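Asker: I'll drop the sequence and a predicted model, then ask my questions.
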Amino acid sequence: MKLGVALPSFEEDAPAVLAVAKRAEELGIDGVFSFDHLFPMGQPSRPALSVYPLLGAVAAVTSRIRAGSLVARVGLLPDEVVLASLESLHLILGERLIAGVGTGDRASAPEHLVYGLPFLGVTPRQQSLAGLVRSLRREGIECWVGAGTGRLTEGLSLTVELAEEVGATVNYWQVAPETLLTAVAQLAVPVSWGGPLPKTAYEAAAVLQSVAKAGATWAVWGWPSSLELVCEAAVLAGLRD
């Protein structure tokens with residue numbers, strides 16, 4: 001299982017964020033990811049670095065580590081702009097790019113309201129997502145489809161069905177290991193997991209072991225307090241030497 005971290009993109013100091021990406025590469029972490037928000041949820045007074053320029057800058061200061069959006073949200077920008085931005089990043093990063101794309105949910109609505117952007121219903125957001133992911137996959141770009149914290153107990157969601165159709169990874173956020181295990185058993189495509197980093201390396205190691213045992217291909221921590229803690233947990237979990 002590969003290991004990733006979210007960059008501390010809710011800051012104004014872009015050079016400091018790039019220093020984190022460089023340090024993550026030095027430590028052997030497999031990937032760095034950027035959220036796509038206009039401000040941290042529930043904190044409209046805080047800044048947020050734009051996902052596409054940030055990943056382009058990460059490409060310029062690193063050489064090996066993978067970089068991705070987790071996830072680029074439809075509706076914040078026109079679909080054509082999202083597609084062109086991810087295509088441009090692919091030209092820069094090549095196979096290092098992971099194009100995570102998602103529909104967002106009701107928790108994302110306040111960002112739209114604050115900036116006067118329409119917040120479309122579920123169906124048009126899913127239609128936009130389908131068009132984007134199909135276009136990206138036709139160009140051979142690796143895609144993750146954000147499934148949020150959704151469950152599979154009531155059947156596959158349309159976003160998950162889309163991922164299976166085009167061969168995209170399904171990304172779940174902060175779901176329990178048993179839910180992840182069910183997803184891996186039911187789906188014909190890879191499954192990745194993301195969630196917040198616990199306070200101690202031992203707690204984080206236990207989470208990693210559960211996620212790995214469930215069959216996830218990646219575990220991505222939300223911005224951690226320490227990259228060294230991330231690495232220590234990976235060693236304790238038996239994922240790194």
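Answerer: Sure thing, it's come through.

Asker: end to end on stretch 40-47, go ahead and measure it.
Answerer: End-to-end distance for stretch 40-47, by Cα to Cα, to the nearest Å: 8 Å.

Asker: tell me which residues are up against it.
Answerer: Contact with stretch 40-47 is made by 10-12, 39, 48, 107-108, 110-111, 114, as judged by Cβ atoms under 8 Å, 6 or more residues apart in numbering. Quick note: C-beta positions are derived from backbone N, CA and C, even for glycine.

Asker: just give me the neighbour total for Glu161.
Answerer: By other Cβ atoms under 10 Å, the residues close to Glu161 number 14.

Asker: all helices of the protein, in order?
Answerer: Counting by DSSP state H, the segments of the chain that form helices are 14-26, 51-61, 79-93, 109-114, 122-138, 158-166, 177-186, 201-214, 227-236.

Asker: need the ones you listed in JSON lines with distance to Ser69 and mean pLDDT, can you?
Answerer: Output for the helices of the chain, formatted as JSON lines (distance: least, Cβ to Cβ, whole Å; pLDDT from 0 to 100):
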{"stretch": "helix 14-26", "distance to Ser69": "14", "mean pLDDT": "97"}
{"stretch": "helix 51-61", "distance to Ser69": "5", "mean pLDDT": "98"}
{"stretch": "helix 79-93", "distance to Ser69": "7", "mean pLDDT": "98"}
{"stretch": "helix 109-114", "distance to Ser69": "16", "mean pLDDT": "91"}
{"stretch": "helix 122-138", "distance to Ser69": "11", "mean pLDDT": "94"}
{"stretch": "helix 158-166", "distance to Ser69": "15", "mean pLDDT": "88"}
{"stretch": "helix 177-186", "distance to Ser69": "21", "mean pLDDT": "89"}
{"stretch": "helix 201-214", "distance to Ser69": "21", "mean pLDDT": "97"}
{"stretch": "helix 227-236", "distance to Ser69": "20", "mean pLDDT": "97"}
